[in-house]
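K.L.:
Quick one, structure for this:
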Amino acid sequence: MRCFALVNSFIVTPFRLIRGGVVVVCNGRIFDVGGADEVSIPEGCERIDVGGSIVAPGFIDIHLHGGGGADTMDSSHDAINTISLTHASGGSTAILPSTVSAPLELSLIHISEPTRPY
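P.N.:
Model (predicted):
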């Protein structure tokens with residue numbers, strides 16, 4: 001079982017802020033979260049001291065028109081890749097791209113006929 005624990009972290013949850021917190025991850029899934037006095041770190045689990053860094057869930061950006069110099073109206077795989085990577089680098093784990101104000105016919109072309117590499 002691959003296991004690691006992020007210790008000495010500032011954890012942001014939907015319910016509370018935890019200073020000196022611990023996040024235990026086992027086999028790619030969050031196993032436990034809480035204060036150092038609340039969480040038992042499994043034996044053999046690698047401890048990673050994050051030095052008080054913020055640990056938070058990924059963010060979902062529900063309104064964007066682009067990123068990294070690319071625009072959703074570029075209608076290309078490369079543009080969507082650039083946008084996705086740019087937002088991921090800032091902590092977004094999901095995005096909902098929006099088109100700009102444009103005539104309906106133009107928007108429909110960009111939505112329904114993107115360039116697909118596959």
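K.L.:
Might one say that Leu6 is in contact with Val23?
P.N.:
Yes. Here Leu6 lies in contact with Val23, judged by Cβ atoms under 8 Å, at a distance of 4.4 Å. For every residue, glycine as well, the C-beta is placed using N, CA and C.
K.L.:
Show me the common contact partners of these two, please.
P.N.:
Contact criterion Cβ atoms under 8 Å, 6 or more residues apart in numbering; residues bridging Leu6 and Val23 by contacting each: Val55.
K.L.:
Residues contacting stretch 49-65, please?
P.N.:
Around stretch 49-65, the neighbours that count as contacts under Cβ under 8 Å, 6+ apart are 6-14, 19, 21, 23, 71-73, 83, 87, 90-100.
K.L.:
Apply 10 Å and report the result again.
P.N.:
Counting by Cβ atoms under 10 Å, 6 or more residues apart in numbering, the neighbours of stretch 49-65 from elsewhere in the structure are 5-14, 17-23, 30, 33, 67, 71-73, 83, 86-88, 90-101.
K.L.:
Ile83 is in contact with Ser89, isn't it?
P.N.:
No. Ile83 is beyond contact range of Ser89, at 11.1 Å (criterion: Cβ atoms under 10 Å).
K.L.:
quick one: which of the two has more around it?
P.N.:
Residue environment comparison for Ile83 versus Ser89 gives the larger neighbour count to Ile83, 22 against 10, counting by other Cβ atoms under 10 Å.
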